[in-house]
Every structure is written in structure tokens, then in C-alpha cells.
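Participant: sequence and computational prediction follow.
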Protein chains: 2
Amino acid sequence: MAAKGFVCAGVACGLKAAGCKDLAIVASDSGPVPAAACFTGNIMAAAPVTVSREHIASGTCAAVVINSGGANACTGAQGIADARSMAAAVAERLGQAPTDVLVCSTGVIGAFLPMKNVLSGITEACEALGSADGTAAAEAIMTTDTFAKQAAVSVPVDGGCYTVGGMAKGSGMIAPDMATMLSVITTDAPLTPETCSAVLKRAVSSTFNRLTIDSDTSTNDTVVLMASGKAKGPVITKGDPRLSVIEDAVLEVCSALVRLLARDGEGATKLVTVTVAGALSEEAAEQAARTVADSPLVKTAVFGQDANWGRVAMAVGRSGVPFDPDDLSIAFAGIAVCEKGVSVPFDEEEAAVALAEDEIEISVSIGTGGYAAKVFTCDLTHGYVQINGDYRT
Amino acid sequence: MAAKGFVCAGVACGLKAAGCKDLAIVASDSGPVPAAACFTGNIMAAAPVTVSREHIASGTCAAVVINSGGANACTGAQGIADARSMAAAVAERLGQAPTDVLVCSTGVIGAFLPMKNVLSGITEACEALGSADGTAAAEAIMTTDTFAKQAAVSVPVDGGCYTVGGMAKGSGMIAPDMATMLSVITTDAPLTPETCSAVLKRAVSSTFNRLTIDSDTSTNDTVVLMASGKAKGPVITKGDPRLSVIEDAVLEVCSALVRLLARDGEGATKLVTVTVAGALSEEAAEQAARTVADSPLVKTAVFGQDANWGRVAMAVGRSGVPFDPDDLSIAFAGIAVCEKGVSVPFDEEEAAVALAEDEIEISVSIGTGGYAAKVFTCDLTHGYVQINGDYRT
């Protein structure tokens, strides 16, 4: 199942070790289409982010080129020139304008890309374009990811259907603003640049931007949505009832990708969802949930399969969100462990069984407010320390 | 070397396993003396914090009782009653008012203290009071600390001298507001309650509140300063030139304790200092330095002895502090690795030697502003995951 109107490819060009795929292209099969993108909030934004921000300003995009094995961040003027070269090389081979090509990079910060390899990889990938199967592309953008991440949904509309597909890479340096390194989402729905942007923003705010692996925000985060319009029907503009159908479909794909990203966080053994309810605003609920999800003490407790809810109470209490301690209640893996701010007896054996599952839900209520928010994370394990104590060398 | 006018004791009363010391008392040998205290900013403040906040309002204190083996946090009305019982028991045995006794607790959150043990420990500790040697007390307040932490300085003044001594416990759940679990500092300088408070606040802001082990702020953090006035000379009030002498001495003791706390953070193998200079305000410098010090990716790189400065650039860039990326420079363990936002060549072997040291300095400059700040932390290791994946069980 793939959105009509797109082709992709993934090849190996020597940026990663041992012949692993490391360069991907996702392209429209008919030139520029409406598109939108969200980028990292990090001041040290990488060169490809700077170039892609310029190129998406037009609201259209013909192709996205992505390399792993090097972030092209903290690389100054040379890095910008290299990112422009990547866009120009793709554009030339596909017969498009360079400004209709977006560029993404992921890998170690501070090193220059070996452009000879990159350019030969672009040539090879452009020749390989043609398959709608995104597996090779999804593999080529992996860094410390342990599996390729893809998701797709089709939704019926007006006798036809819209398909939304997406791929993402994640693993570490993943938090707040634009919470994954890279993701490309395609749809055949006939969106305009404006509705494309609105749909993406809504989906990102409750999915990618609600994910935190390690509270660190990458220099390269980028999510792109491209809409080929190859599905039947007239163009979807603001106010069209079909807009909510495609919004829900994009949200579903983003949610699925975010769950895969959390499950495959560096060293992760468990997917953790933290929900805070009873808040006076959605922002407050998110802030409290994010503080719990970022707490290394909560995350190591989950790794240790320990219903140590006092750490959840500590994290909500330090989140900066005001509440009455007597209103705090906590459920850990579905088991009520704290009510009205104090311990409630629970069966430690039942808790041990629940905590052995590979998905753990932490539910917190801080009062009678009408707002809730859910944040996705993973546990903090020896694997995370191992991977990141030994990444660059 | 100890401040004149104080006695202390540390005993075992069965709160921790295997006969370890777990209850300490530090007392004035002559009743209430001027004192000040700083407490956690966590909304879920523990019962002893609530009670001690009430008791220190008078500006005087005769004794501090501290137990490890249980935090008495998230324990509701029973917890408050237990903390009051601890103060009352100490007060009765020392012939003081309960409101002149401060109470501190540390350990697992959410469980009630076994008060029979606590009260018999208080009786025993009150009988053991008399020695000025704080070692037993410093041992009794340890949780996951691997060594007892004490520091002392004497400074000459007016032909006499002031002595400042202190003890602290730390290890994990240590960050922002009042960054250590517990510390008691004593001096024989003749401070008033007002100057006592001013001296403590100044010292804490640049020492304990600049320490982060794991970005998590405990429910029980407390630092107490007691001033016996047993040193020679008239009382020190606001504007007295001797105030800066005692301020510097308290600052020196707090700094020494904070370095010990960072070095003994849970699982730590290295003390890490992060200095950010060139900022437009001290707050901005601190915010940027704290973000670097809290970054799990920076901390695992230090553990891996890897000069992976790109992670420092990432952390400063996500800190929320505005700066021009072209103004960023970074030195890792004394070796310049990034200037004007891009990599500078460095000798990886020289870096490997420098990074093998047990104290690592990360120096960052973000511009030409006149403000700098230093934050203390440690590396993130397998030990941290081990300790916290397996703490409560």
C-alpha cells in the first residue's frame, strides 16, 4: 500500500560502514507537488535544514534526498555549499529546479560529508527510482535504529480513497521541537500547499513533538509531507469536509511512526506512554507529562520493572505545573499506586507481571481540570549508555 | 577542624539494612542559634520539608535531625505527624522547643517511616551527642552515596578566626532548585538570622543550585546553615565588612561539598564542569550550561571518553538561549575542538589522554557578552542505570 504518484530508492555509497544503505530519495513521479515541512528548533540547525527551509518556502517539492552517516551540522559555509550541491545534483538528474529538492542529513555532527561518495550515491539512487516500495529508502536513512520504520493507511472518501504512507528514522538525540530526526510522509490526496501545511502541523504537534527519547533536540530534525494529488477528486482547500479525513489519516500514520520511534529509542526495551489528565490547559498537561517522560529516574525504574511511583510524583512535582498535592493520583501499568497524594496498597506480584510487558502506560491525574496530554518515550537502559559512550569512535 | 559550639552524632536504628548508620543529629551546644535554610522547589515537598519550613521561620534553630532509609514524602497527614514527632522527640531530650528542631529525611518516596525505630534512634543519638567529629553523622545521612562528604575552612578575622564546616549527602534525584538532598553547614561566626540567611542564599545560588546529577529535583532537598556565634567579636549585621569574609568561607565549603556530590553522583566515574561564557546575562549563561550538563548524550560521551563536541553544540543550540552559531566555540578537556561554529583539527590521541582524567572541563563561549556561569555534573554510566533500575526492590 503506497500513495500514488511517488517513487523512491535507497542505495549504499560508502558513508556508513560495510556496504549498508546510506542514501535515499523520495520523489514525485510528476514534478513539483504541494508540500510542507517542519524543522528542528535548535539554533545550531544543520546546513541541510537551512537549505531545505529556503526550498520549501514555495510550498512545493519534487524530491527529498536524505543521507545517513553524517549530519552536515556545524560545518559552516562548506556545509551549506555541500547541501546545495546535493539538491542541485538531484534536480539535474530529475530535470527539476534545485529549489524543488529538499535535503536531509543524519549522523555525527561536525564532520564534512565526503561529497564524492554522496554525489555518486545520488546518481545511483536517481537511476534506481521507480519502485513504490519504500523499504530500501527506509533502511538507507537508519543510524542507530535497529529496524526500518514505515506506516501507511488508506481512507475512503467520495467513492475513491486517499492513501498516506510514511517512513522515519529516530533512535537518539530526540526531544521537544520536532521530535524525530527525519521523516517523509506522502499522500495522493489533492492538497494545496496551504492545506498540506495545516495537516502536517496538526499531526506533528500531537505526535512527533510529543516524543522524547532523551530530551536532546537534534540539529537536523525534519518532517516532510508531500501530496501528489493522484487520488480522485477536486483539490482540497480550507473548509473542505474532506480535510478532516486526510488530517486523521496523516495523524494516524504519524502516530504509528512515533510509536515505532519510541519503541526503538536507543537501547530501549519498552515503549512508555505518559498521560497527564486533570490539567487546567493542554500546555500544562504536556509540560507535566514531558517532565515525567524525561526523568531518568522514572525511565530507569521502568527498565528495572519497578513500580517506583514516587519518582513519578517527584517528576510531576518538579515540572513547574501548579497543582494541589492532595489531588495527585498515579496508575503504573494500569495499577492504581497513588491516590490523593499518598500510597494505595497494591499487589507487587501483579505489578511485576504488568511491568514485564513491552509497553508501559503511566497515567497521572493532577486535579479536575479538563485537559490531558500524552507523551511517548522509552526506558533508559544499559544499551543507551553503551551506544552513546561509544558512538563516534 | 570544626566550628565551635556544635555537637553531633550518627547511629543505626534499623531504617537501612545490615546495621548501617541511618540517623544523625547536629545540634548547637547552647540552645537556639541564628540559622537559615533553603528547601526544594518541588510541589510534592516531603513532610519534613513542610515542618522544617514552619520551624525555621523564627530564624533560629537548636538542632537538625536527619534520617536516611525513608523520604517521608507522599505520606499525607500521617507523614506530617511523624515529622512533628521527630522534632518533638529531639526537643524533649535536649530541653528545647520543638519549633527549634529541623527535620530532614531521605530515601524511598511513598512509604511511612517505622516510627518505633526512628524514635529509639533519636534517643540513642541524643545520648551520643558530644563529639564535634561529624564523621558518624555524615555517614548516617548517606543513601546511594559511596563515601561520606564533609568540608571545612577557617578564615582569620580581627585577630581571631571563623570556622565553617559542612556535611552533605547526594547521589541521585539531584537538580535545579536546591540541588542536593541534604546538607548541614555550621559556623561559629556571630551571624544574625538575617545575615545567616543572606550568606546561605548567596552560597547556594552558585553551588548547590548549580549542580545537576540527573535533572531530577528531589522532594526532600534541604540545606541548613547554623551560626553559633562562639567565635570572638561582635555580631555581624548587614554592611559589616566581616560579612564578605564569612560569605566567602561558606561559599568555599559549599563549593567543596558540591564537587564531592558531583564526583559521587549515582554511577559517576568523572566530575564534569560546564562553563558557558560570552552570554548577555548570568541567567542565560546558566541556562545554556545547565542544558549541556543535563544532556544524556554529552554525559555518555564523557563516560565513553569521546571528545564528541557536536553533542555540546547540539545542547547549547537547544537551550533556548539566543546566540549566533558563528560565535560558538568549544573546548573539551582543555582542547579547542570547535571555533566560530565549525570543527578545528585536534589530536585525537591528546584528547584521549585528557579525557581519561577523572575531572573533565567543558568550556563553551557563545559570543562577546560579559557573563559566564559554571554548572557541576557527572557522567552518565552503566552504574546509574544499574542503581536506579534496581533501587526500590
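Facilitator: Here it is on my side, so go on. Just so we're clear, the structure is a prediction, and the values are computed from it rather than from any experiment.
Participant: how about residue A:15, secondary structure?
Facilitator: coil (DSSP: H, G, I helix; E, B strand; the rest coil).
Participant: now do the contacts for it.
Facilitator: A:22, A:23, A:67, A:68, A:69, A:70, A:107, A:113, A:114, A:117, A:118, A:121 (CB atoms under 8 Å, 6 or more residues apart in numbering or on different chains). Heads up, the C-betas are built off the backbone N, CA and C, glycines and all.
Participant: pretty sure residue A:336 belongs to a helix, no?
Facilitator: No - checked against three-state DSSP, residue A:336 lies outside a helix; its state is strand.
Participant: confidence score at it?
Facilitator: For residue A:336, the model assigns a pLDDT of 93.
Participant: how many residues are close by it?
Facilitator: 14 (other CB atoms under 10 Å in any protein chain shown).
Participant: name the nearest residue to it, sequence neighbours excluded.
Facilitator: residue A:344 (5.6 Å; CB to CB, 6 or more residues apart in numbering or on different chains).
Participant: now for that neighbour, how many residues are close by?
Facilitator: For residue A:344, the neighbour count with other CB under 10 Å is 15.
Participant: that one and residue A:331 touch, don't they?
Facilitator: No - if you go by CB atoms under 8 Å, residue A:344 and residue A:331 don't touch, sitting 9.9 Å apart.
Participant: find residues that contact each of these two.
Facilitator: residue A:337.
Participant: got the residues of the stretch 201-350 of chain A near chain B?
Facilitator: A:214-219, A:294-297, A:300-301, A:303-304, A:306, A:308-311, A:313-318, A:322-323, A:325-326, A:328, A:338, A:340-343 (CB under 8 Å from any CB of the partner chain).
Participant: the residues you listed in strands, which ones?
Facilitator: Here DSSP state E is the test, and those give A:338, A:342, A:343 as lying in strands.
Participant: could you identify the buried members of those residues?
Facilitator: A:338, A:342, A:343 (16 or more other CB atoms under 10 Å in any protein chain shown).
Participant: what does the particular helix or strand that has residue A:121 in it rub up against?
Facilitator: Residue A:121 is part of helix A:115-128, with elements assigned from DSSP states H and E. The contact list for helix A:115-128, computed with CB under 8 Å, 6+ apart, reads A:9-15, A:22-25, A:65, A:67, A:82, A:85-86, A:89-90, A:93-94, A:136.
Participant: what's the answer for stretch A:155-162, then?
Facilitator: Applying CB under 8 Å, 6+ apart, the contact partners of stretch A:155-162 are A:154, A:164, A:187-189, A:231-233, A:242, A:245-246, A:248-249.
Participant: which of the three states applies to the closest residue to chain B within the stretch 51-200 of chain A?
Facilitator: For the stretch 51-200 of chain A, the residue closest to chain B is residue A:109, as judged by CB to the nearest CB, at 2.6 Å. Under three-state DSSP, residue A:109 falls in the coil class.
Participant: and it, how many neighbours does it have?
Facilitator: So residue A:109, with other CB under 10 Å, has 28 neighbours.
Participant: swap in residue A:369?
Facilitator: Going by other CB under 10 Å, the residues that sit close to residue A:369 add up to 17.
Participant: is it true that residue A:198 touches residue A:238?
Facilitator: Yes - the criterion here is CB under 8 Å, and residue A:198 meets it with residue A:238 at 7.4 Å.
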